[in-house]
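Student: Build the 3D model from these lines:
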Amino acid sequence: MLPSYGALALIMVAATAVTPFLNNAATVLVMAPIAATFATGLGYQPEAFLMAMAIGAGSDFLTPIGHQCNTLVMGPGGYRLGDYWLGLPLSILVVLIAVSMLMLVWPM
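Tutor: From the prediction side, this is the model:
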C-alpha cells in the first residue's frame, strides 16, 4: 500500500509530466478521472488528489510550451529550450510544499 503523501506526490508529478504535451486545462480534464479513481482505489478521499492534480497541471516550469507565460517570455528574454531545465528545483519545491499543505488541509 502506497502511503498517502507518496500517492499525492505521484499524482502531482504525473500531472506535471503530462502538462508539456497538453495545455493545463486539457491535462486537468484528462487526469481528473484518473486521480479520483486512483484515490478511491487506495481507500482515500479524492479531494486532495484532485487538488494535487490541479496544482501539478498548473506548475510546469520545465518547458516553454507547458504554460502560456513560459511561451511569452521565451522570445523577448532570449531563452532557449535548455534554459527551462533550471525550473526543476522549483518543480521539486512545489511538490514538497503542496503535498505537505494538502496533507494539512485534507488529513488522510
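Student: quick one: buried residues of the helix or strand of the chain with the lowest mean pLDDT?
Tutor: Of the helices and strands making up the chain, the lowest-confidence element is helix 68-77, at a mean of 85, by mean pLDDT, DSSP states H and E. Neighbour-count burial for helix 68-77 flags 70, 74 (criterion: 16 or more other C-beta atoms under 10 Å). In this view, the C-beta of every residue, glycine as well, is placed from N, C-alpha and C.
Student: Equivalent analysis for stretch 26-46, please.
Tutor: By 16+ other C-beta under 10 Å, the buried positions in stretch 26-46 come out as 27-28, 31-32, 35-36, 38-39, 44, 46.
Student: low-confidence ranges in this protein?
Tutor: For the chain, no stretch is flagged by pLDDT under 70.
Student: So which residue is dead centre in the chain?
Tutor: Centre of the chain computed as the mean C-alpha position; nearest residue by C-alpha atoms, centre = their mean is residue 56, 1.2 Å away.
Student: host element of the residue lying closest to that one once chain neighbours are set aside?
Tutor: Of all residues not flanking residue 56 in the chain, residue 15 sits nearest, at 3.2 Å (C-beta to C-beta, 6 or more residues apart in numbering). Secondary structure from DSSP states H and E places residue 15 in helix 4-18.
Student: next structured bit after that helix?
Tutor: Using DSSP H and E, the next helix or strand after helix 4-18 towards the C-terminus is helix 24-42.
Student: what packs against the next helix-or-strand element following that following helix?
Tutor: Per DSSP H and E, the first helix or strand lying C-terminal to helix 24-42 is helix 46-57. For helix 46-57, the elements it packs on are helix 4-18, helix 24-42, helix 88-105, judged by 3 or more C-beta pairs under 8 Å, 6 or more residues apart in numbering; DSSP states H and E.
Student: and residue 79, what are its phi and psi?
Tutor: phi -80, psi 150 (degrees, to the nearest 10).
Student: Could you give the number of residues near it?
Tutor: 14 (other C-beta atoms under 10 Å).
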